[in-house]
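K.L.:
the following block contains a protein sequence and its predicted model.
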Amino acid sequence: MGSYPFTQQKRLLKAQEYRQVFDQASYKISDRHMLILATANQFGQSRLGVIIAKKNIRLAVNRNRIKRLLRESFRHQTQFPISVDLVVMARSGINDLSNTELRQLLECQWQRLIKRLLKISYQT
RNA sequence: GGAGUCUACCAGGCAGUCGCUGCUUCAGUAUGAUUCGAAGUAGAGGAAAGUCCGGGCUCCACAGGGCAAGGUGCCAGGUAACGCCUGGGAGGUGCAAGCCUACGGCUAGUGCAGCAGAGAGAAGACCGCCUAAAUAUAACUCGUGAGUUAUGUCGGUAAGGGUGAAAGGGUGCGGUAAGAGCGCACCGCGCGCGUGGUAACAUGUUGUGGCAUGGUAAACCCCACUGGAGCAAGACCAAAUAGGAACCCGUUGGCGUUGCCCGCGUUGGGUUCGGGUAGGUUGCUGGAGGCUUGUGGUGACGCAGGUCCAAGAUGAAUGGCUGCCCAAGACAGAACCCGGCUUAUCGGUGGGCUCCCAUG
């Protein structure tokens, strides 16, 4: 049975690491709830960073909820063909989604990303 | 039983499974640090919120005094302290239990007050009231300036009407031309004194004043009290980089000093010190701590004993999924820590008190 741990190595921790993703973002997936930036890394495992602006989601309780759901969904996601650094930026509409809706939406976004990644890796 | 009021408390639960953070123990590589693995254990709130006050803690400033700005403001007590709490007083409100109060000083000064109204602060004559004094006209009487009556002017007047939120104490009697604290009695008010109370204040007065003292100080102002900034405080370690210091090596190197030599200036390499950016460590949770027993106090709270240890993250943990149950889950997430205040909030539980109805 898979345990899917989520340790410090699987997160973006420093401002510099976030900046790298912003500067070299080779893949972008966007809709009205969120924006996902991604870039390939050399660590052998994918890493996640989350940005939720106070302006978009006012209450700390809701910011925590979205952050946790994002992490949980990312933790169960093991199908990336190459290791990538991700930054997920929340937009204000995301707070209207229920837990179930958000989970389904994220599942869908991961599939879109995987397709893009596969396409690139075939070309190279 | 119904209605109300005050106060204390709870904040969905259980099971399975996959994770996250701290701590403890065990095991492995290779001593240790560290990392990984396993097990155990702990892991948001009554408001964690707003950041509105007060402290602890840290740094800065500090001989003493003054000025400015802001805040607080009945009295006493509690407290580390407060703008908080408790008790008391005063005023308002409710049948009551209760609740509310920005509650120092406009008999220090300055200012302000729409509309209405004659007049809004050493006030005022619109209607009304008066003809005593002054004066004008007319009539009459006595007889040449006096009297009486009538009408008016000036004048007197704050009783009555009218305006207004408010008209410069109220009622009665005297008084007067009419009136008026003008005088008196009672009531009210101020001052003084007595009594009770630590005091705010209450109460009495067979003392006194003759009404002088309208409102507004979240208007200026007067009186009393009041250092500043914050954990991104502060402390430590420390790649990089700028410009430095000391020592050593070389001085047989380069450049300049007219060509050469000496000398001088400048330049080099290494080590250490210092510096402090990125980053890291610490501050960081055992405390004005919780629970409980006794005791002092009307109470807030104090004192003494016993017992317990209850989050500590740092891109930031405390969650996801599945199933079951019910009264169907609100507001909402620690970020140095406490004491308050304010605001948000689905429901529910216990206790005290008041009023109404019924029964005994």
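P.N.:
Received the coordinates, thanks.
K.L.:
helices and strands of chain A: which one has the lowest mean pLDDT?
P.N.:
Least confident helix or strand, chain A: helix A:15-23 with a mean of 76, by mean pLDDT, DSSP states H and E.
K.L.:
what's that helix packed up against?
P.N.:
Packed against helix A:15-23 by the contact rule (3 or more C-beta pairs under 8 Å, 6 or more residues apart in numbering; DSSP states H and E) you find strand A:34-40, strand A:47-51, strand A:84-90. (Glycine included, C-beta is placed from N, CA and C.)
K.L.:
save those strands as a markdown table, and put in mean pLDDT too.
P.N.:
Listed next are the helices and strands packed on helix A:15-23 as a markdown table, based on pLDDT from 0 to 100:
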| stretch | mean pLDDT |
| --- | --- |
| strand A:34-40 | 85 |
| strand A:47-51 | 84 |
| strand A:84-90 | 85 |
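K.L.:
got the angle between the biggest helix by length in chain A and strand A:84-90?
P.N.:
Longest helix of chain A, by residue count under DSSP state H: helix A:99-123. Per axes from the mean of the first three to the mean of the last three C-alpha atoms, to 10 degrees, the angle that helix A:99-123 makes with strand A:84-90 is 140 degrees.
K.L.:
what helices or strands is helix A:99-123 leaning on?
P.N.:
Where contact means 3+ C-beta pairs under 8 Å, 6+ apart, helix A:99-123 is packed against strand A:27-30, strand A:34-40, helix A:60-75.
K.L.:
show me where pLDDT drops low in chain A?
P.N.:
Within chain A, the ranges that satisfy pLDDT under 70 run A:1-5, A:8, A:121-124.
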